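Visitor: turn this into a model:
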Amino acid sequence: MKVRVKYAKTGPLKFISHLDVMRYFQKSIRRAGLDIAYSTGLSPHQVISFAAPMPLMLTSEAEYFDAEFNSLPSHDAFVARLNEVGTPYMAVHDAAILPDRALNSMAAVTASSYQITLTGKGRTEIGKAWEEQFPDKMLELFNAGEIVVVKKTKTREEPTDIRPMIHELEYRIDGSVYMLLAAGSKVNLRPEQVLSEVCRRLDITYDRFHYDILRLETYMDAEEPGRFAALIEAGDRSF
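Guide: Residues are numbered from 1 along each chain as shown. Predicted coordinates:
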């Protein structure tokens, strides 16, 4: 059985790498006594794959991995057993059994939503601009027909129009910014790139330490064209 697991990565764990996250869950699954499937061959390993891993310094309420199990306890027992052997900063929120036709989590990802707030340093250094100038500039950015920025890859830099990758961009009444951006292996836009472009247009130096970035959800394409559904919706949570 292939199971999709939804978990959080919060607090001080924003400083650990994706490789550390992989090792954490491999050990947690063993400690929880779950009947995970192993690959065959000379070096058997757990059959597990992760979706759209985050870079350092971001937190999340909606990270995912897919894993194959030979047998399963009930949904609630599965979630509870993983949380009992783990840290509350990597809490497992949900799990679902995937149908055979389901894409793996990495291939299915098409968008992610984020909430951005100011850190203490950010409030001190750009708090006034955040409240008075960012809302109008973000609206201007969202309404732009084209936003060309230089995107860096491992081998080159190239001009890219990021406007089609911004699905929603909103400055909210509580002083936070909400973003729904394209994500995945084919097209991917990081919230830092949007913030950097807003700062450039305001003639403000972009400083990553001004912002707390929280991923709210990770999405796949829904059956209705132009809509998104959370990755967990691909499976059955009633086991």
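Visitor: remind me which residues of this structure are low pLDDT?
Guide: Low-confidence segments of the chain (pLDDT under 70): 153-154.
Visitor: please, where are all the strands along it?
Guide: In the chain, the strands defined using DSSP state E lie at 2-9, 48-50, 59-68, 92-97, 109-118, 148-152, 157-161, 166-171, 177-182, 211-221, 228-230.
Visitor: residues contacting Thr160?
Guide: Taking C-beta atoms under 8 Å, 6 or more residues apart in numbering, we find Thr160 in contact with 148-151. Every C-beta, even on glycine, is put in place using the N, C-alpha and C of the backbone.
Visitor: run a quick neighbour tally on the residue nearest to Ser238 when sequence neighbours are not counted.
Guide: Closest residue to Ser238 apart from its sequence neighbours, by C-beta to C-beta, 6 or more residues apart in numbering: His75 at 6.9 Å. Other residues within reach of His75 by the criterion other C-beta atoms under 10 Å amount to 17.
Visitor: what's the answer for Gln193, then?
Guide: In terms of burial, Gln193 registers 19 neighbours under the definition other C-beta under 10 Å.
Visitor: quick one: it from Phe15, how far?
Guide: Computed with C-beta to C-beta, to the nearest Å, the distance linking Gln193 and Phe15 is 21 Å.
Visitor: the nearest residue to Ala37 once chain neighbours are set aside pairs with what?
Guide: With C-beta to C-beta, 6+ apart as the measure, Glu68 is the residue that lies nearest to Ala37, at 4.0 Å, once sequence neighbours are left out. Glu68 forms beta bridges with Lys2, as assigned by DSSP bridges.
Visitor: just to check, Glu68 is in contact with Ile36?
Guide: Yes: counting by C-beta atoms under 8 Å, Glu68 sits close enough to Ile36 to count as a contact (7.1 Å).
Visitor: neighbour count winner among those two?
Guide: Ile36 (20 against 16).
Visitor: OK, contacts around the more buried one?
Guide: Ile36 makes contact with 29-30, 46-48, 67-70, according to C-beta under 8 Å, 6+ apart.
Visitor: of the residues you listed, keep whichever come out buried.
Guide: When burial is judged by neighbour count using 16 or more other C-beta atoms under 10 Å, the buried members of the contacts of Ile36 are 29, 46, 48, 67-69.
Visitor: which one of these sits closest to Thr87?
Guide: Distance from Thr87 was checked for each of the buried ones among the contacts of Ile36 by C-beta to C-beta. The minimum falls on Ile29, at 14.5 Å.
Visitor: which non-adjacent residue is nearest that closest one?
Guide: Nearest to Ile29 is Ile36, by C-beta to C-beta, 6+ apart, at 5.2 Å.
Visitor: what's the answer for Arg237, then?
Guide: Leaving aside its chain neighbours, Arg237 sits nearest to Ala96 (4.6 Å; criterion: C-beta to C-beta, 6+ apart).
Visitor: who does the one you found bridge with?
Guide: In this structure, Ala96 has beta-bridge partners Arg4, where bridges are defined by DSSP bridges.
Visitor: wait, it sits on Ser105?
Guide: No: here Ala96 lies out of contact with Ser105, judged by C-beta under 8 Å, at a distance of 11.0 Å.
Visitor: weed out the non-buried ones from the contacts of Thr160.
Guide: The neighbour count (16+ other C-beta under 10 Å) marks 149, 151 as buried among the contacts of Thr160.
Visitor: farthest-separated two in the contacts of Thr160?
Guide: Taking C-beta to C-beta, the two most distant members of these are Val148 and Lys151; they sit 9.8 Å apart.
Visitor: let me know the outermost residue of this protein.
Guide: With distances taken from the mean C-alpha point of the chain and given as C-alpha atoms, centre = their mean, the most distant residue is Leu42, at 33.6 Å.
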